[in-house]
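Participant: Got a predicted structure here, sequence first:
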Amino acid sequence: MNNLQTLIDQEGGAVSLLRNSKIGMYVYPVVAAEFSNWRDEQAAWQNSAVLFDQTHHMDEVIVEGPDSQAFLDYVGINSFANFGENRAKHFVPVTPAGHVIGDVICFREREDKFVLVGRAPACNWLKFQQAVGNWKIRIHHDPRSDSRPDGKAIYRTHCRFQIQGPEASKIFEKINGGPVADIPFFHVDWINVGSKRVQALRHGMAGAPGLEVWGAYQDKEYIQSTILQGARDAGVELVRVGNRAYSTNTLESGWIPSPLPGIYSGDGMLADYRQWLGMDSYEAIGSIGGSFVSERIDDYYVNPFELGYGFYIGWKSDFIGKEALAKAKDGPNRKKVTFEWNPDDMMKVIASAFVPGETPYKWIDFPQPNYASTSADCVLREGKMVGMSMFNGYSYNERAMLSLGVVDSTVEEGDILTLQWGEPEPTGKTSTERHRQAEIRVRVSPTPYSRIAREEYADSWRNRP
């Protein structure tokens, strides 16, 4: 049959399948790579205001019907008690073994309707749970735009933009035709964008204040042009951000966007899920890149406590994975940190590309060298692995190469560790050139790394240990 389990069996295991994936570089679709240059685009979210076009790179799932809340309460770790209309939350499903599958932002539009937006793994899991369950719900799935549409028309249910930065409030007032009500963090309200009424989430990425707005896809051009004109009328330099800079904002704010879904092993429900997932699913064509190589796919998984999501857990509910998380609650669990890469070691890696006749170290793309769907680089102390780097990139604001990952509980902030950069053996990945490995010193640093994010974010997963 044409399913994920068939692929795993054909490739001799999930690790081999994912480390030899031919999918190539991870692509943020449709939006231009740069509108000005990625350095100025990064700087603008701290210094003025930016416009993120989030229309194309995320899946959207609409869940509605009388059992909607009960369904989501069962599928995710979150509590839905006191979660009223026009609210949003960070929704995290896990496997029966307690491993994170993915995460999305969940919006409650009315008592029996929720909209969930994010990467594919969590959305696919929701669809599967509806298919095998007996819930009085309807699900509409709007997958992300094609990575390489090659001229084909693109259709989405909604367009989605985020405006953020210290000057953003001046733009909101212009496009709204007057002051915007003070929307609490992760609450939703309606505002005007010219003649259109759109929904707005009080949010922020990289620590800067802002609103995420969305409306009908057919209104996209009008909404975008009205926002840009509003910025001009307000005298604000609104910088459009391309996909090269967009993906780096999380390095400053501390969200790990692409943990490996913990679904490639296990019996029962997970075996059924792998047979349900198609050969063209995200889980089947995704890739693992990095210096960490293990024969056990389970070694790449993380649990909610390691990502700082433990305080989401609604222990009074019965949800998938509750028993496993209850056992894992008291640890030992790894903890999320930021790794600050040593600049001298970075220069050594870059310089190796300018030595004719020698095999260079693995190339480091700027601003983001992620060459796989999921990154897994070894972090060592005295030769022993004590952590895993999971998402990396360069911050022009901080003038630093950073990565997000997890470390053993014995590691302290300020410790100097060693990150192995590059892969120990050739793989079938088309995004990986012939290279040798390098050792890069990294300093264990706060998460979020950005001072603005640490000090100005509302109490949330971003500033929880």
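Facilitator: That came through, no problem. Numbering: from 1, shown residues only.

Participant: just checking, what's the longest helix in this protein?
Facilitator: With DSSP state H setting the assignment, residue counts place helix 220-234 as the longest helix in the chain.

Participant: how far does that helix sit from the chain's center?
Facilitator: 27 Å (Cα atoms, centre = their mean, to the nearest Å).

Participant: Pull out the buried positions in it.
Facilitator: If you call a residue buried by 16 or more other Cβ atoms under 10 Å, then helix 220-234 has these buried ones: K220, Y222, I223, Q224, T226, I227, G230, A231, A234. C-beta coordinates here come from the backbone N, C-alpha and C atoms, glycine included.

Participant: how many neighbours does P360 have?
Facilitator: Neighbours of P360 under the rule other Cβ atoms under 10 Å: 18.

Participant: now P332
Facilitator: With other Cβ under 10 Å as criterion, P332 counts 9.

Participant: Equivalent analysis for the one 3 residues further on, please.
Facilitator: In terms of burial, K335 registers 19 neighbours under the definition other Cβ under 10 Å.

Participant: a helix runs through F80, doesn't it?
Facilitator: No - with DSSP: H, G, I helix; E, B strand; the rest coil as the criterion, F80 is coil rather than part of a helix.

Participant: which residues sit in contact with it?
Facilitator: Q69, L72, D73, G314, S317 (Cβ atoms under 8 Å, 6 or more residues apart in numbering).

Participant: What sits closest to the fourth one if chain neighbours are left out?
Facilitator: Nearest residue to G314, sequence neighbours excluded (Cβ to Cβ, 6 or more residues apart in numbering): S79, at 2.6 Å.

Participant: The one you found and R202, how far apart?
Facilitator: For S79, the distance to R202 (Cβ to Cβ, to the nearest Å) stands at 21 Å.

Participant: From the rest of the structure, what touches the longest helix of the chain?
Facilitator: So helix 220-234 is contacted by 49, 51, 53, 55, 159, 161, 163, 167, 170-171, 173-175, 193-194, 196, 198, 213, 215, 237-238, 240 (Cβ under 8 Å, 6+ apart).

Participant: Check the model's average confidence along the next helix or strand after it for me.
Facilitator: Next along the chain after helix 220-234, taking DSSP states H and E as the criterion, comes strand 238-241. Mean pLDDT, strand 238-241: 98.

Participant: Could you export strand 238-241 as CSV, CA atoms only?
Facilitator: Extracted C-alpha coordinates of strand 238-241, given in CSV (Å, rounded to 0.1, in the frame of the first residue of the first chain):
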residue,chain,number,x,y,z
LEU,A,238,7.0,49.6,7.1
VAL,A,239,9.5,47.0,5.9
ARG,A,240,8.1,43.9,4.0
VAL,A,241,9.9,40.8,5.2
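
Participant: other SSEs contacting it?
Facilitator: helix 38-47, strand 49-53, helix 220-234 (3 or more Cβ pairs under 8 Å, 6 or more residues apart in numbering; DSSP states H and E).

Participant: Dump those into TSV; add distance to S287 and mean pLDDT as well.
Facilitator: As requested, the helices and strands packed on strand 238-241 are exported to TSV (distance: least, Cβ to Cβ, whole Å; pLDDT from 0 to 100):
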stretch	distance to S287	mean pLDDT
helix 38-47	23	96
strand 49-53	25	97
helix 220-234	31	98
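
Participant: returning to that earlier point: who wins for neighbours among the contacts of F80?
Facilitator: That'd be L72 among the contacts of F80, by other Cβ under 10 Å, with 25 neighbours.

Participant: Name the helix or strand for E212, please.
Facilitator: Counting by DSSP H and E, E212 is part of strand 210-216.

Participant: tilt between that strand and strand 49-53?
Facilitator: Using axes from the mean of the first three to the mean of the last three Cα atoms, to 10 degrees, one finds that strand 210-216 and strand 49-53 are set 30 degrees apart in direction.

Participant: Kindly calculate the angle that strand 210-216 makes with helix 38-47.
Facilitator: Using the same axes, to 10 degrees: strand 210-216 against helix 38-47 is 110 degrees.

Participant: which residues are in contact with strand 210-216?
Facilitator: For strand 210-216, contacts defined as Cβ under 8 Å, 6+ apart pick out 54, 157-165, 168, 172, 180, 183, 191, 193, 196-204, 223.

Participant: give me that answer again for 6 Å
Facilitator: For strand 210-216, the external contacting residues (Cβ atoms under 6 Å, 6 or more residues apart in numbering) are 158, 160-164, 168, 196, 198-201, 203-204, 223.

Participant: Same question for stretch 256-268.
Facilitator: Outside stretch 256-268, the residues within contact range by Cβ under 6 Å, 6+ apart are 14, 95, 97, 99-102, 121, 250, 270, 273, 283, 297-298, 300-302, 374, 390-391, 404.

Participant: Same question for stretch 128-138.
Facilitator: V63, E64, G65, P66, D67, S68, F71, V75, I139, Y273, W276.

Participant: now do the same end-to-end measure for stretch 30-45.
Facilitator: 21 Å (Cα to Cα, to the nearest Å).

Participant: which residue ranges form the helices in the stretch 351-465 of the chain?
Facilitator: 451-456 (DSSP state H, counting those that start in this stretch).

Participant: how about the helices in the stretch 51-200 of the chain?
Facilitator: Using DSSP H, counting those that start in this stretch, the helices of the stretch 51-200 of the chain run over 68-75, 120-132, 168-176.

Participant: Pull out the buried members of the contacts of stretch 256-268.
Facilitator: For these, buried by 16+ other Cβ under 10 Å: 14, 95, 97, 99-102, 121, 250, 270, 273, 283, 297, 300-302, 374, 390-391, 404.

Participant: how about the residue positioned nearest the centre of the chain, secondary structure?
Facilitator: Centroid-nearest residue in the chain: P257, 2.2 Å away (criterion: Cα atoms, centre = their mean). State at P257, reduced to three classes by three-state DSSP: coil.

Participant: Next, the buried residues of the longest strand along the chain.
Facilitator: Longest strand in the chain, counting residues (DSSP state E): strand 384-395. Residues of strand 384-395 classed as buried by neighbour count (16+ other Cβ under 10 Å): M385, V386, G387, M388, S389, M390, F391, N392, G393, Y394, S395.

Participant: for stretch 373-383, same thing?
Facilitator: Neighbour-count burial for stretch 373-383 flags S373, T374, S375, A376, D377, C378, V379, L380, R381 (criterion: 16+ other Cβ under 10 Å).
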